[in-house]
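A.B. asks: Build the 3D model from these lines:
(chains A and B)
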There are 2 protein chains.
Amino acid sequence: MALLISSASTSLDGFVASPDDDPGPLFDWYSAGDVVVPNAGDLPPFHLTPTSAAHWRDWVTRLGCVLVGRRLFDLTDGWRGRHPLGVPVVVLTHRPPTGWDHPGTEDPTFATTVPEAVAAATAIAGERVVGVAAGEVATQLHAAGLLDEVRVDLVPVFLGRGRRYFTDPDAPVRLSGPSSVVVSEGVTHLSFPVRR
Amino acid sequence: MALLISSASTSLDGFVASPDDDPGPLFDWYSAGDVVVPNAGDLPPFHLTPTSAAHWRDWVTRLGCVLVGRRLFDLTDGWRGRHPLGVPVVVLTHRPPTGWDHPGTEDPTFATTVPEAVAAATAIAGERVVGVAAGEVATQLHAAGLLDEVRVDLVPVFLGRGRRYFTDPDAPVRLSGPSSVVVSEGVTHLSFPVRR
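C.D. replies: Numbers count the residues shown, from 1 in each chain, chains lettered A, B, ... in the order given. The predicted structure follows:
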């Protein structure tokens, strides 16, 4: 089955955005270099360091699907039907939207339970990876024993407050490794297999 | 002047202990290997991996003094007068203790303000480094613009709750680097210069 791997730019105190969903300095590394990396969607291209660009391309090449929560989906208006990573989107939500329509794009898949979402995402991904957004979805997958790996683009700042990578304070997330460490400018890319 | 460098075993969400001061899995790396590293104080020796042992010895060799807060000092009973790192101790506290006496040991230095504590610690350290304990003291030094570097022994776990490395949620701590990355078993040793 496809591996389920979460990924997020993360502060040294485990936040992935400010309380009002602003990534702030956590996304500075997307414009820290001279390598132009286009997006599949409507966003402007990234400007990465050579090290981060190689790391990014390796990640994107591995992806077959992304699994996201409703918050992120709404914040981005579903990326107007074209995810920046160029892969199909599965959305975990209790309330599938009605009337969401972006002609000429691929409709996302809406799933109302974790098992349904994982089944849909892994079927789409096939041999490739399901990329899981941080926050509530990653937390729910981990609680269900379904998360395989946690990627952290570690940004050297303690933010003090914000939205957490894992949202359940009563459920520690125990990892091993890191299995991979890539040091770039303004970010250290780390991968941690989930300990079972 | 001596550099002021904080150091702590830290979770991926920036905690240095549980809410009741238990380091829990954050200290597992102190017993993850076969290299016996004795303490200068009463604690049993560490058993470190060769990689962590070399990193540890380099750190201890650089130290001239440690600057700690009252909480840590009380939790350890002032290490009974002999700090595990074998260096003098400066304690920042509003209420210097009376009657604290461990015959045959060196008395700690008590200071009631940040400038006094820094002056005492840097005078003792001379050309060497002042090691600063995490938590309120590191936060106060950073707020005063006096912290030079932040060391993180990064343990691959999201704890969800606990005592924070930096305690002021309204004062982000912006760092650069890492200037050093050492990957060991169960811990990644990172150093981040403070960005000014």
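A.B. asks: only C-alpha atoms for contact and neighbour calcs from this point on.
C.D. replies: Noted.
A.B. asks: ok, residue A:192 - contacts?
C.D. replies: By Cα atoms under 8 Å, 6 or more residues apart in numbering or on different chains, residue A:192 lies in contact with A:149-151, A:175-180, B:156.
A.B. asks: Double-check that it belongs to a strand.
C.D. replies: Yes: looking at residue A:192 with DSSP: H, G, I helix; E, B strand; the rest coil, it is inside a strand.
A.B. asks: For residue A:115, give me the backbone phi and psi.
C.D. replies: The phi and psi values for residue A:115, taken as degrees, to the nearest 10, are phi -60, psi -40.
A.B. asks: how close does residue A:145 get to residue B:113?
C.D. replies: As judged by Cα to Cα, to the nearest Å, residue A:145 and residue B:113 stand 49 Å apart.
A.B. asks: which parts of stretch A:100-115 are buried?
C.D. replies: For stretch A:100-115, a neighbour-count test (16 or more other Cα atoms under 10 Å in any protein chain shown) marks A:107-108, A:110-111, A:114 as buried.
A.B. asks: cool, stretch A:119-131 as well?
C.D. replies: So, applying 16+ other Cα under 10 Å, buried residues of stretch A:119-131: A:120-125, A:128-131.
A.B. asks: per-residue pLDDT, residue A:102?
C.D. replies: Residue A:102 is assigned a pLDDT of 77 by the prediction.
A.B. asks: Just the pLDDT at residue A:2, thanks.
C.D. replies: On the pLDDT scale, residue A:2 gets 94.
A.B. asks: same deal with residue A:33?
C.D. replies: 97.
A.B. asks: before we move on, what SS does it have?
C.D. replies: Following three-state DSSP, the label given to residue A:33 is coil.
A.B. asks: And residue A:152, how close does it get to chain B?
C.D. replies: 9 Å (Cα to the nearest Cα, to the nearest Å).
A.B. asks: Tell me what that residue is bridged to.
C.D. replies: Beta-bridge partners recorded for residue A:152 (DSSP bridges): residue A:8, residue A:190.
A.B. asks: My read is that it contacts residue A:191, right?
C.D. replies: Yes: in this structure residue A:152 lies within contact range of residue A:191 using Cα atoms under 8 Å: 6.3 Å.
A.B. asks: Which of those two has more residues huddled nearby?
C.D. replies: Remark: of residue A:152 and residue A:191, residue A:152 carries more neighbours, 25 against 22, as counted by other Cα atoms under 10 Å in any protein chain shown.
A.B. asks: quick one, what contacts the residue nearest in space to the middle of chain A?
C.D. replies: The centroid of chain A falls nearest to residue A:133 when counting by Cα atoms, centre = their mean (3.2 Å). Residues in contact with residue A:133, defined by Cα under 8 Å, 6+ apart, are A:6-8, A:66-69.
A.B. asks: Which strands and helices lie in contact with the helix or strand of chain A at the bottom of the mean pLDDT ranking?
C.D. replies: Within chain A, no helix or strand scores below helix A:70-75, which has a mean of 88 by mean pLDDT, DSSP states H and E. Contacts defined by 3 or more Cα pairs under 8 Å, 6 or more residues apart in numbering or on different chains; DSSP states H and E place helix A:70-75 against strand A:89-92.
A.B. asks: quick one: the strands in chain A?
C.D. replies: With DSSP state E as the criterion, chain A has strands at A:4-11, A:15-17, A:35-37, A:46-48, A:63-69, A:89-92, A:109-111, A:129-133, A:149-155, A:157-158, A:163-164, A:173-174, A:180-183, A:188-193.
A.B. asks: buried ones in stretch A:69-77?
C.D. replies: Across stretch A:69-77, burial judged by 16+ other Cα under 10 Å covers A:69-73.
A.B. asks: now do stretch A:81-95
C.D. replies: Those would be A:81-93, for stretch A:81-95 by 16+ other Cα under 10 Å.
A.B. asks: Could you single out the nearest of those to residue A:101?
C.D. replies: When the buried residues of stretch A:81-95 are ranked by distance to residue A:101 (Cα to Cα), residue A:81 comes first, at 8.2 Å.
A.B. asks: which ones are touching residue A:86?
C.D. replies: Per Cα under 8 Å, 6+ apart, neighbours of residue A:86: A:39-41.
A.B. asks: Which positions in chain A make contact with chain B?
C.D. replies: A:11-15, A:156-161, A:166-178, A:183, A:185-188, A:192 (Cα under 8 Å from any Cα of the partner chain).
A.B. asks: Put the buried members of the residues you listed into a ChimeraX selection.
C.D. replies: Buried residues among those (16+ other Cα under 10 Å), as a ChimeraX selection:
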select /A:11,12,13,14,15,156,157,158,159,160,161,166,167,168,172,173,174,175,176,177,178,183,185,186,187,188,192
